[in-house]
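Q: The sequence isn't on hand, but the structure is:
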C-alpha cells in the first residue's frame with residue numbers, strides 16, 4: 001500500500017509543528033480546524049496557537065550531480081522525503097548558446113567595439129553557474145523546510161575524503177600524483193568507470209589488470225582515456241594488438257568500449273566541486289551541522305536492506321541504528337527555472353525575429369502557475385488541473401497530465417500554487 005509523505009503543520013502564528021499523518025490532516029481540514037497553507041510541499045495551518053514544544057526533526061541531505069535526496073527524520077522515523085532534480089546541464093547548454101550567438105555577432109561587420117580584456121575577476125570560491133545552481137537550489141529547499149518544520153540539525157553527506165591529506169597533512173602539489181595512493185587512485189577510478197568488470201568479457205569478482213586500449217608499443221599513452229581494466233586471460237589474449245584487430249569480429253563491443261573510454265566521471269567531479277561550498281553555506285543557517293561519508297551511507301542502506309534511491313540514501317546518511325520508513329511516496333521536485341530575461345528573441349544565427357512583452361502577469365495569473373479551471377459552459381466543459389500558459393487576451397492554455405487544453409477563459413481559473421521555478425510530482 002502506498003504511503004504518502006506526512007503533512008507539514010503550522011500553527012496560527014506560522015510556528016512549525018510536528019508533521020501529522022495525511023488522515024489526520026484530512027480530518028482537521030474537514031472540521032475546518034485548519035486550512036491549506038501550501039500545496040507543494042503540502043502544508044496546513046491551524047486556526048489556533050499551539051504552546052507546546054514540538055519534537056525536533058533532523059534534515060538529511062544526499063547531494064548529487066543530477067538529483068539530491070532530502071529526508072526529514074523525527075527520532076527514528078522517516079516522515080518526509082523528496083528528490084530534487086537539478087538543471088545544471090540546461091544552464092550549461094544555455095550559456096554555450098549565448099556564447100556562440102555573441103561570438104558570431106562580434107565577428108560580423110558591425111560597429112566597432114572596444115576590446116575587452118581581463119576586465120572581469122572571479123571571487124574566491126567561484127563556481128561555474130551550472131555548479132552554483134546545484135548549491136543554490138539545495139539551500140533554497142533547506143531554508144524552505146526550516147520555515148515549515150521544527151528542524152534542529154542538519155546532516156550532509158560529503159562524498160569522499162582526501163586520504164593522503166589525512167595521512168600526511170603536509171602533502172601538496174605534485175606529491176598528490178606521486179604519493180602512496182597514486183596507483184590505487186587510478187585503479188579505483190578505472191573500476192568505477194568500467195563498472196568493476198572486465199571491459200572485454202564482462203567477468204566480475206576476479207583479479208583485474210590495467211590494460212592499454214592502444215598498446216604502448218605502438219604509441220599508446222598512460223592517459224586515463226587509454227586505460228581499461230581486463231581479466232588476466234583477456235589481457236594476455238589481446239597482448240600488444242590494436243583493439244580494432246582484437247575485436248574485429250565484435251563491432252558492437254568495439255564501439256561500446258571506444259565510447260566508454262572517452263567518458264569521464266564528470267558527475268562525481270561536479271559533486272566534489274560543490275560539496276564544500278554547500279557545507280559552508282549550510283553553516284550560515286546557524287543550525288548544528290554534521291557530515292558523513294558515502295561509504296557509511298551505503299553501509300547503513302545495505303544493513304537496513306533498503307532499496308537504492310536518492311531520498312532513502314539521504315535518510316541513511318550519518319549514524320543510523322534503525323529506521324522506520326513511514327512513507328514510500330517522496331515528493332519529486334524538478335528545477336525548471338523562472339523563465340528568461342531575454343527581451344529580443346533570435347533565430348539560430350542570432351538575428352532578432354520577435355519581441356517579448358515586459359508584462360508577465362495577465363488577469364492576475366503568470367505563466368507557470370498551477371491552476372484549477374472549472375469550465376461550466378462551452379465546448380470545453382470540465383475540470384482541468386495543471387500549469388497555465390497566460391496571454392494578454394485572457395485566453396489561457398493549461399498543461400494537464402492528459403495533454404494541453406487550449407482556449408480556457410481566465411474567469412474559470414483558480415490559482416492553486418504560484419510559480420516558484422519548480423515542477424512537482426509523486
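A: Structure received. Keep in mind that this is a model prediction, so the values were computed, not measured. Residues are numbered from 1 along each chain as shown.

Q: Okay, strands next: where are they in the stretch 1-150 of the chain?
A: Assigned by DSSP state E, counting those that start in this stretch, the strands in the stretch 1-150 of the chain fall at 7-10, 16-20, 34-38, 43-46, 57-62, 67-74, 77-85.

Q: Any regions of the stretch 1-150 of the chain where pLDDT drops low?
A: Applying pLDDT under 70 to the stretch 1-150 of the chain flags the ranges 1-2, 109-119.

Q: Quick one: the helices in it, in order.
A: Taking DSSP state H, counting those that start in this stretch as the criterion, the stretch 1-150 of the chain carries its helices at 22-30, 88-107, 129-148.

Q: out of those helices, nearest to residue 122?
A: helix 129-148 (11.6 Å; CB to CB). Glycine gets a C-beta too; all of them are placed from N, C-alpha and C.

Q: for the closest one, packing partners?
A: Contacts defined by 3 or more CB pairs under 8 Å, 6 or more residues apart in numbering; DSSP states H and E place helix 129-148 against strand 16-20, strand 57-62, strand 67-74, strand 77-85, helix 88-107, helix 266-282, strand 331-335.

Q: Give me the neighbour count for the nearest residue to residue 246 once chain neighbours are set aside.
A: Spatial nearest neighbour of residue 246, excluding adjacent residues (CB to CB, 6 or more residues apart in numbering): residue 238 at 4.8 Å. For residue 238, the count of nearby residues is 19 (other CB atoms under 10 Å).

Q: same thing with residue 190?
A: When neighbours are counted by other CB under 10 Å, residue 190 comes out with 18.

Q: Would you mind confirming that it is in contact with residue 212?
A: No: using CB atoms under 8 Å, residue 190 is not in contact with residue 212, being 11.6 Å away.

Q: The residue nearest the centre of the chain: what's it in contact with?
A: Geometric centre of the chain, nearest residue: residue 67, 2.8 Å, by CA atoms, centre = their mean. Contacts for residue 67 (CB atoms under 8 Å, 6 or more residues apart in numbering) come out as 83-86, 310.

Q: Could you rerun that using 6 Å?
A: Contacts for residue 67 (CB atoms under 6 Å, 6 or more residues apart in numbering) come out as 83, 85, 310.

Q: Report the beta-bridge partners for residue 361.
A: residue 366 (DSSP bridges).

Q: Could you check the pLDDT of it?
A: Listed pLDDT for residue 361 reads 89.

Q: now do residue 353
A: pLDDT, residue 353: 87.

Q: how about the strands of the stretch 301-426 of the chain, start to end?
A: Under DSSP E, counting those that start in this stretch, the stretch 301-426 of the chain gives strands at 324-325, 331-335, 344-346, 352-355, 361-362, 365-366, 370-375, 382-389, 395-400, 403-409, 413-417, 422-425.

Q: closest to residue 96 out of those?
A: strand 344-346 (14.7 Å).

Q: That closest one pairs with which strands, and in what direction?
A: strand 352-355 (antiparallel).

Q: now residue 57: how far from residue 78?
A: 11 Å (CB to CB, to the nearest Å).

Q: Neighbour count for those two, which is higher?
A: Using other CB under 10 Å as the criterion, residue 57 and residue 78 rank with residue 78 on top: 26 against 22.

Q: correct me, but the more buried one touches residue 322?
A: No: using CB atoms under 6 Å, residue 78 is not in contact with residue 322, being 10.9 Å away.

Q: any idea how far residue 412 is from residue 378?
A: 9 Å.

Q: re the thing from before, output the strands of the stretch 301-426 of the chain in CSV, with distance to residue 248 appended to each entry.
A: CSV is the format used below for the strands of the stretch 301-426 of the chain (distance: least, CB to CB, whole Å):
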stretch, distance to residue 248
strand 324-325, 52
strand 331-335, 45
strand 344-346, 48
strand 352-355, 51
strand 361-362, 64
strand 365-366, 60
strand 370-375, 57
strand 382-389, 53
strand 395-400, 51
strand 403-409, 50
strand 413-417, 59
strand 422-425, 47
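
Q: Those strands: which one's closest to residue 217?
A: Nearest of the strands of the stretch 301-426 of the chain (CB to CB): strand 331-335, 49.5 Å.

Q: Contacts for the closest one, please.
A: Contacts for strand 331-335 (CB under 6 Å, 6+ apart): 41, 82-87, 137, 422-423, 425.

Q: Listing partners with orientation, what would you give for that strand?
A: Assessed with DSSP bridges, strand 331-335 is paired to strand 77-85 (parallel), strand 422-425 (antiparallel).

Q: Buried deepest among those, which one?
A: strand 77-85 (a mean of 23; mean count of other CB atoms under 10 Å).

Q: List just the one of the strands of the stretch 301-426 of the chain that sits closest to residue 292.
A: That would be strand 324-325 among these, by CB to CB, at 19.0 Å.

Q: Just the residues contacting that closest one, thanks.
A: Counting by CB under 6 Å, 6+ apart, 76-78 sit against strand 324-325.

Q: do the same with stretch 367-380
A: 381-385, 387-390, 398, 408, 412-419.
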